[in-house]
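S.K.: Take this sequence and fold it.
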Amino acid sequence: MGVGEDRISGLPDELLHYILVRLGSARDAVRTRVLSRRWRHILGPLPELLLDGDPDAPPPPPSVLDKIDTALAACNARIVKRLDIDFAMSSVAIADDGRGIPAMRAARWLRFVSERVVDDFYVYLPRPEVDDGKEEAVLELPACEAVKSIQLMLERTWRIQPPAVGLFRELTDLTMHCGSMDGRELTALVCAQCPCLVHLKIYLTQLVNSLDVSIRSDSLRSLLFKARIIRGLEIVAPRLEKLSLSSADIDKARISAPKLAELVWSYSVYDPRRHQFDGVGRRLRTLEPSQNISLV
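M.R.: Next up, the predicted model:
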């Protein structure tokens, strides 16, 4: 190779993407820009961004957060197919430091998702950094027009707040594992803002403000809903095939799902006077109740 010759710049984009994605670290991916003039810009159309902590030598939390920001800022692509932000490996370091993830910082990452990501988004966040006197941190979820799959894995004291306006037009798979949500906001998100939702998993420590939830969807086929106390639950889903409900107390429920084939009813005492199943039973193949349930 002659002096000054840059063979890396001659590699096809697909090969460069393959190498960068498998580095497994945003920090290492950004550092590769010193290798080649063209390599410096290859982060732009990167199809996947995988940002996580280093389990062997976790840096101080501010450095971790800064590196996430740096990696996202270095990506000038209009489209990113997949974005993973995973603090599962570095949560021990964050806990030891006595600090958490600032909600404003996490909100910036979600805005990046809403503007760029088109296929999959996964985020695991340890406990948030909360102001004195507050027990929870509110994380605003912006409308993501093109994202098809969202997994929000947030530790208990996070509260998810859906956008007041906007649609998740392409979203088919949604998992939310967090501390709390307002029942009315959850209803609006599912019924009005996710027109193509197929698979929905919701794990909540609690519902707040409103303990009533209505899930009406013409596209939904599987639903897992877990919350400590549910005052009123309505499910109207003509295509729903799998349903799992887990709660210490479901005061009232009305479920209309004529295609329901699998039902799991956990923890809450079933009372046919308060818990009604309309048009359910003919297709039911699997029933896992915590006590006897009659769907007649």
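
S.K.: what about the helices in the stretch 101-250 of the chain?
M.R.: 103-116, 183-192 (DSSP state H, counting those that start in this stretch).

S.K.: wait, which of those is closest to residue 70?
M.R.: In terms of CB to CB, the element of the helices of the stretch 101-250 of the chain nearest to residue 70 is helix 103-116, at 12.3 Å. Backbone N, C-alpha and C define where each C-beta goes, glycine included.

S.K.: Output the contacting helices and strands for that closest one.
M.R.: In this structure, helix 103-116 makes packing contacts with helix 61-74, strand 80-86, strand 117-125, strand 128-129, strand 137-140, judged by 3 or more CB pairs under 8 Å, 6 or more residues apart in numbering; DSSP states H and E.

S.K.: same thing but at 10 Å, please
M.R.: strand 48-52, helix 61-74, strand 80-86, strand 117-125, strand 128-129, strand 137-140, strand 149-154, strand 158-161 (3 or more CB pairs under 10 Å, 6 or more residues apart in numbering; DSSP states H and E).

S.K.: Could you export these as JSON lines, including distance to residue 178, mean pLDDT and mean neighbour count?
M.R.: JSON lines is the format used below for those (distance: least, CB to CB, whole Å; pLDDT from 0 to 100; neighbours: other CB atoms under 10 Å):
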{"stretch": "strand 48-52", "distance to residue 178": "20", "mean pLDDT": "75", "mean neighbour count": "20"}
{"stretch": "helix 61-74", "distance to residue 178": "19", "mean pLDDT": "79", "mean neighbour count": "17"}
{"stretch": "strand 80-86", "distance to residue 178": "15", "mean pLDDT": "88", "mean neighbour count": "19"}
{"stretch": "strand 117-125", "distance to residue 178": "9", "mean pLDDT": "90", "mean neighbour count": "20"}
{"stretch": "strand 128-129", "distance to residue 178": "10", "mean pLDDT": "82", "mean neighbour count": "20"}
{"stretch": "strand 137-140", "distance to residue 178": "8", "mean pLDDT": "91", "mean neighbour count": "19"}
{"stretch": "strand 149-154", "distance to residue 178": "4", "mean pLDDT": "94", "mean neighbour count": "19"}
{"stretch": "strand 158-161", "distance to residue 178": "5", "mean pLDDT": "92", "mean neighbour count": "22"}
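
S.K.: Take these and lay them out in CSV including distance to residue 266.
M.R.: Output for the helices and strands packed on helix 103-116, formatted as CSV (distance: least, CB to CB, whole Å):
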stretch, distance to residue 266
strand 48-52, 32
helix 61-74, 36
strand 80-86, 29
strand 117-125, 25
strand 128-129, 28
strand 137-140, 27
strand 149-154, 21
strand 158-161, 23
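
S.K.: quick one, what contacts the nearest residue to residue 278 once chain neighbours are set aside?
M.R.: Excluding the flanking residues, the one nearest residue 278 by CB to CB, 6 or more residues apart in numbering is residue 256, at 4.3 Å. Residue 256 makes contact with 216, 234, 235, 236, 237, 238, 240, 276, 277, 278, 279, 280, according to CB atoms under 10 Å, 6 or more residues apart in numbering.

S.K.: Can you report how many residues neighbour the fourth one?
M.R.: Think residue 236. Neighbour count of residue 236, defined by other CB atoms under 10 Å: 17.
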